[in-house]
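Q: Got a predicted model here, sequence first, then my questions.
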Amino acid sequence: MRRYILVTFVLFLIVLPLQAQRWGGNRLCTEPLKSEDLRLIQGSVEDVQVQAGKGMPTMVVKGVDGSLISIAVGPYSAWLDGNFTVQKGDQVTVNAFSCRRDAERLAAVEIMNKTRGTQLALRDEYGRPESQGQRGGRRAGRLGRPESPKQQ
């Protein structure tokens, strides 16, 4: 009986943090993104950090108004195929939404590199990261974007 209680307690300790991540995660996972959720950021790349083992890939964009905007551009697996690159100075357009835990930081849905003429879809229409298996699928590049996201 004691062993059963101990095993149950250990399983509870393992499952609880996983459920907390799911419950406390992206507030937009239960319904599609709306135009009021998205922001359209246009500007030049000031900094980009996309390296394995260095945390969530991020990019800092200098907007047309001169403001610096930090954008999460993960998951890292989306960058592995090598068909999309972005470097400091590139002109980009980013569809993004506010992160739940840090309203100042945005999470990219799609990045369009105007300098190189390429684009990268990072999230689906619900704001969830695209899985590696879906990237080349029928939905690649079609995210159900709203017609007019807020201009930044």
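A: Arrived safely.
Q: how many neighbours does the residue lying closest to residue 55 once chain neighbours are set aside have?
A: Closest residue in space to residue 55, ignoring its immediate chain neighbours: residue 49 at 7.8 Å, by CB to CB, 6 or more residues apart in numbering. Just so you know, the C-beta spots here come from the backbone N, C-alpha and C atoms, and that holds for glycine as well. Here the number of neighbours of residue 49 (other CB atoms under 10 Å) works out to 12.
Q: next one: the one 5 residues further on
A: For residue 54, the number of neighbouring residues by other CB under 10 Å comes to 10.
Q: for residue 37, same thing?
A: 18.
Q: Tell me how far it lies from residue 61.
A: 18 Å (CB to CB, to the nearest Å).
Q: The one helix or strand residue 14 maps to: what's the following helix or strand?
A: Element membership of residue 14 [criterion: DSSP states H and E] is helix 2-24. Counting by DSSP H and E, the next helix or strand C-terminal to helix 2-24 is strand 38-49.
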